[in-house]
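**Student:** Please find the sequence and the predicted model below.
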Amino acid sequence: MRNSNNNFVPVRIFRAGIVAMLLIAGPALAQQTQSSTDRDAIIYDSNKLADPAAENTAAGDTSLAESQPLELIKLLDDTQQETDPSRQQAATGSGTPQAGLPPTASQPALAETQAVPLTQPSASQPSANQPAPLQPAVNPASRAPRIGRRPLSGIGLVSLGLPDARSMADPISSLVWRGSEAGRIIQLYQLAPHDGPSDSINALVRGLLLRQAVPPAGAAEASLELISARLDWLAAAGESTALADLIRKLPEAEAWLDWQRWLVSYELLLRQDNQACDMVSRQIQSTMEEYWHKAQILCHLLAGNDGAAGFAADVLRASGTEDMVFFHLTDQLLGRPARLPDRADISGPLHLALTEAAHFPASRQQLASLPNSYSEARAALTWLDRDASLDQAAHRIRSGQMSTNEAAGLLRSLYDPSVSIVMAISQLEAAAEDAVDGASAGVLAQLAGSLLEGTANAEFDLFVQTVFAAQMQAGSVVPWLPVYGWLVDQRLAAEGVPELDEPARDLYAMIKVLVAEEEPLMAQLEVAGSQADYSQTLLAQPEGAVWPMAALDGLEGWHLAPLLSALGLQRPAIDWFDTAAGRNSKGQAEQPVPAPKMLAVKQVAESGRVGETALLVAWLLADQDLATIDSRQLAELMQLLRAAGLENTARNLGREALQEKLLALFWEGAQTI
């Protein structure tokens with residue numbers, strides 16, 4: 001019998017040979033491998049803001065870092081590294097360079113990503129008392145600067161910005177926060193209203209929040225709070241597109257997980273399935289959180305993967321998830337027997353994404369369950385009942401999401417011949433203040449449809465005045481003025497409609513003056529010496545013109561004089577003592593701005609802190625009505641904005657206020673319904 005161990009003698013000899021070869025070639029292979037790694041090394045910033053994965057990245061796990069937003073950095077030239085002993089020491093963590101490797105700028109990257117401690121000296125690693133071998137000549141081409149990448153963090157996050165699709169009235173410098181402290185800016189972000197009374201100031205604040213700029217002092221320590229305050233303002237303002245674009249620039253870290261959920265829901269509502277579902281597929285690999293697994297089911301459904309969607313839904317249901325509405329809607333999309341309860345609580349973005357996919361009309365209450373941050377996604381929903389469609393139209397008109405022609409077309413499309421105008425008026429009169437705009441859209445849709453169908457009756461003008469009065473009382477009429485202007489044009493061009501009475505003529509004339517102040521009034525509306533006539537005279541004055549005395553007398557609007565001066569009109573050179581008698585103001589008593597607020601704005605403006613000045617003006621106007629704010633203080637605010645380099649914004653603010661004050665004068669003195 002042969003000794004079985006003899007069968008393995010060749011194998012043992014072969015293994016011994018391999019080990020010997022590796023021992024001999026080891027240093028050379030290590031040097032070659034390390035040099036190769038050095039050439040491909042990418043430096044990552046380990047100081048990531050609130051990112052628990054930072055340590056993994058520093059230890060060499062670059063998969064997460066490469067999936068995050070990155071910014072370029074320029075590495076030092078190899079020549080600098082070779083000639084600077086301090087940099088050579090930093091490369092190895094000691095005073096001795098690593099043997100066999102030229103000390104290059106990429107060695108810190110190796111030290112960071114490989115983190116292997118130095119061992120006892122070997123033949124290829126001389127000790128501290130042993131001279132290092134001569135270094136090979138370095139190819140000059142290898143000393144060329146190289147580009148690396150690192151994830152955004154700290155100051156990089158705070159400096160994030162977007163190109164604003166809507167052009168700003170005034171150019172904003174990237175040094176807009178110079179001289180400001182981060183803590184104060186955070187506080188002002190939180191105080192600035194997202195729907196203040198002035199569109200021009202709202203646009204200014206929006207531009208400041210989106211502008212890529214040098215951060216204020218102390219931003220590094222408050223970076224999380226600064227970026228969060230910006231996101232909160234955009235969400236409250238309904239600036240969904242800008243909010244989504246900014247969130248996409250954030251790293252996928254725990255600190256931003258709530259915003260990542262919002263982004264996925266927003267994209268699913270918009271049917272941007274690819275972007276949303278890519279993020280979902282990454283998240284479900286590391287979490288059992290219910291939201292992400294619901295989103296995965298929705299992704300399967302939208303992709304037509306019914307089998308995967310059904311299996312995932314069954315697993316989630318078996319796990320104890322109690323969202324029966326979600327499962328009923330999922331079963332409907334899968335073709336399973338399912339009946340949604342009559343009073344099912346359909347609410348939130350995932351439910352509405354399912355109802356949209358299932359072609360299940362959402363109600364007014366269900367549409368209202370979406371927070372304002374989904375404003376622009378809500379406008380894209382198509383499966384809505386009529387009341388929800390009216391609310392959606394009102395929201396889009398009020399927020400300026402559509403042009404006048406688009407708004408007119410939308411209202412015409414909502415015309416329902418089976419609904420009487422009297423019924424629509426009854427719903428308006430019963431509506432709560434926050435529902436007035438939706439009910440007004442219902443009446444205006446019926447009025448627009450009756451003109452189109454040629455069925456407008458003798459009460460048409462009375463109905464228009466009724467809707468206008470309701471919105472005036474609710475304080476929401478100004479964004480609707482272009483729609484009223486369009487309706488007036490249709491009314492005047494219609495045939496078979498009774499002749500205008502005086503109240504309707506005066507209202508229509510005032511609407512047209514405010515909407516198209518530079519156009520002459522139509523013959524049917526023009527009346528010399530009317531409120532509309534005097535208002536148009538004031539609004540038409542060019543900069544440098546003299547106050548129109550007759551118009552101010554006719555309107556009894558002398559309280560507007562400081563505002564006219566701030567808009568560039570000149571005071572007449574007359575003897576004011578002789579002409580003072582009989583010149584009065586009949587408007588509502590103007591409301592003064594609290595003096596401490598005015599002083600705060602003035603103090604900051606005089607210090608040259610532009611961004612802070614703009615936010616303070618927004619804060620000051622938050623609880624003011626442009627129709628009644630004190631004209632002298634408003635003129636002072638305009639001067640402060642000009643001093644900050646915001647000339648166009650100041651002028652636009654003044655024009656807005658003048659229009660609203662003229663409308664208030666008209667409504668108080670001439671309109672009674």
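**Tutor:** Cool, got the structure.
**Student:** what's near enough to touch Glu429?
**Tutor:** Counting by Cβ atoms under 8 Å, 6 or more residues apart in numbering, Glu429 touches Ala470. The C-beta positions use only the backbone N, C-alpha and C, and glycine is treated the same way.
**Student:** With the one 3 residues further on instead?
**Tutor:** If a contact means Cβ under 8 Å, 6+ apart, then Ala432 has no contacts.
**Student:** Then Val610?
**Tutor:** Applying Cβ under 8 Å, 6+ apart, we find Val610 in contact with Ile172, Ser173, Val176, Arg178, Ala644, Gly645, Leu646.
**Student:** which ones are touching the second one?
**Tutor:** The reference is to Ser173. Ala213, Val610.
**Student:** how about it, secondary structure?
**Tutor:** Assigned by DSSP: H, G, I helix; E, B strand; the rest coil, the conformation of Ser173 is coil.
**Student:** Next, it: phi, psi?
**Tutor:** Per-residue torsions, Ser173: phi -70, psi 150 (degrees, to the nearest 10).
**Student:** Okay, it and Gly207: tell me how far apart.
**Tutor:** Computed as Cβ to Cβ, to the nearest Å, the Ser173 to Gly207 distance reads 12 Å.
**Student:** same deal with the third one?
**Tutor:** Relative to Gly207, Val176 is positioned 10 Å away (Cβ to Cβ).
**Student:** Repeat that for Ala504.
**Tutor:** Distance from Ala504 to Gly207, by Cβ to Cβ: 40 Å.
**Student:** so Ala474 sits right up against Ala435, yeah?
**Tutor:** No - with contact defined as Cβ atoms under 8 Å, Ala474 and Ala435 do not form a contacting pair (9.4 Å).
**Student:** Which one's more surrounded, these two?
**Tutor:** Ala435 (19 against 16; other Cβ atoms under 10 Å).
**Student:** Per-residue pLDDT of that one, please?
**Tutor:** pLDDT for Ala435: 93.
**Student:** Check Ala589 too.
**Tutor:** For Ala589, the pLDDT comes out at 74.
**Student:** just so I have it, where are all the strands in the protein?
**Tutor:** 70-74, 147-151 (DSSP state E).
**Student:** Lowest average confidence across these, which one?
**Tutor:** strand 70-74 (a mean of 31).
**Student:** Output the below-cut-off pLDDT ranges for the stretch 451-600 of the chain.
**Tutor:** 582, 585-588 (pLDDT under 70).
**Student:** whoops, the stretch 251-400 of the chain was the one
**Tutor:** In the stretch 251-400 of the chain, residues with pLDDT under 70: 342.
**Student:** quick one: contacts for Leu410?
**Tutor:** Ala393, Arg396, Met402.
**Student:** If we use 7 Å, what do you get?
**Tutor:** Ala393 (Cβ atoms under 7 Å, 6 or more residues apart in numbering).
**Student:** For it, give me the pLDDT.
**Tutor:** pLDDT, read off for Leu410, is 93.
**Student:** Tell me the spacing between it and Arg271.
**Tutor:** 20 Å.
**Student:** contact partners of stretch 646-657?
**Tutor:** In contact with stretch 646-657 (Cβ under 7 Å, 6+ apart) are residues 169-170, 198-201, 204, 563, 566-567, 614, 626, 629, 634, 638, 641-642.
**Student:** if you set the cut-off to 6 Å instead, what comes out?
**Tutor:** The contact list for stretch 646-657 (Cβ atoms under 6 Å, 6 or more residues apart in numbering) reads Ala169, Asp170, Ser198, Ser200, Leu204, Ala566, Leu567, Leu626, Leu634, Met638, Leu641, Arg642.
**Student:** which ones are touching Ala605?
**Tutor:** Applying Cβ under 6 Å, 6+ apart to Ala605 gives the contacts Thr613, Leu640, Ala643, Ala644.
**Student:** One more: Pro349?
**Tutor:** Ser265, Leu269.
**Student:** go with 7 Å
**Tutor:** Ser265, Leu269, Leu370, Tyr374.
**Student:** Tell me which two in these are the farthest apart.
**Tutor:** The span of those, defined through Cβ to Cβ, is set by Ser265 and Leu370 at 9.4 Å.
**Student:** okay, these two: which has more neighbours?
**Tutor:** Applying other Cβ under 10 Å to Ser265 and Leu370 shows that Ser265 carries more neighbours, namely 23 against 20.
**Student:** measure the closest residue in space to that one that isn't next to it in sequence to Arg571 for me?
**Tutor:** Nearest non-adjacent residue to Ser265, counting by Cβ to Cβ, 6 or more residues apart in numbering: Pro349, 3.7 Å away. According to Cβ to Cβ, Pro349 and Arg571 sit 56 Å apart.
**Student:** now do Arg583
**Tutor:** Note on Arg583: its distance to Arg571, by Cβ to Cβ, is 13 Å.
**Student:** ditto for Gln446
**Tutor:** Distance of Gln446 to Arg571, computed by Cβ to Cβ: 49 Å.
**Student:** got the buried residues for stretch 450-466?
**Tutor:** The neighbour-count check on stretch 450-466 (16 or more other Cβ atoms under 10 Å) flags Ser450, Leu451, Ala456, Phe460, Asp461, Phe463, Val464, Gln465, Thr466 as buried.
**Student:** what about the helices in the stretch 151-300 of the chain?
**Tutor:** With helices called from DSSP state H, counting those that start in this stretch, the stretch 151-300 of the chain shows them at 155-158, 182-191, 199-210, 223-236, 240-248, 257-269, 273-283, 290-302.
**Student:** Any chance of the ones you listed in JSON lines with distance to His559 as columns?
**Tutor:** Formatted as JSON lines, the helices of the stretch 151-300 of the chain follow (distance: least, Cβ to Cβ, whole Å):
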{"stretch": "helix 155-158", "distance to His559": "44"}
{"stretch": "helix 182-191", "distance to His559": "29"}
{"stretch": "helix 199-210", "distance to His559": "22"}
{"stretch": "helix 223-236", "distance to His559": "34"}
{"stretch": "helix 240-248", "distance to His559": "38"}
{"stretch": "helix 257-269", "distance to His559": "46"}
{"stretch": "helix 273-283", "distance to His559": "54"}
{"stretch": "helix 290-302", "distance to His559": "55"}
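**Student:** Show me the one of those helices that comes nearest Ala470.
**Tutor:** Of all the helices of the stretch 151-300 of the chain, helix 199-210 comes closest under Cβ to Cβ, at 21.9 Å.
**Student:** and the closest one, what other elements does it pack with?
**Tutor:** helix 223-236, helix 610-621, helix 647-670 (3 or more Cβ pairs under 7 Å, 6 or more residues apart in numbering; DSSP states H and E).
**Student:** so which of those comes closest to Gln332?
**Tutor:** Nearest of the helices and strands packed on helix 199-210 (Cβ to Cβ): helix 223-236, 30.8 Å.
**Student:** Please tell me how far that closest one is from the chain's geometric centre.
**Tutor:** Helix 223-236 has its C-alpha centroid displaced from the chain centroid by 10 Å (Cα atoms, centre = their mean, to the nearest Å).
**Student:** For it, which helices and strands make contact with it?
**Tutor:** Going by 3+ Cβ pairs under 7 Å, 6+ apart, helix 223-236 lies up against helix 155-158, helix 182-191, helix 199-210, helix 240-248.
**Student:** ok now do Val419, which residues does it touch?
**Tutor:** Gln446.
**Student:** Let me have the contacts of Pro349 in a markdown table, adding distance to Arg609 as columns.
**Tutor:** Output for the contacts of Pro349, formatted as a markdown table (distance: Cβ to Cβ, whole Å):
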| residue | distance to Arg609 |
| --- | --- |
| Ser265 | 37 |
| Leu269 | 39 |
| Leu370 | 37 |
| Tyr374 | 34 |
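**Student:** Which of those sits closest to Val280?
**Tutor:** Set against Val280, the nearest of the contacts of Pro349 by Cβ to Cβ is Ser265 (10.6 Å).
**Student:** Next, count neighbours for Glu406.
**Tutor:** For Glu406, the count of nearby residues is 12 (other Cβ under 10 Å).
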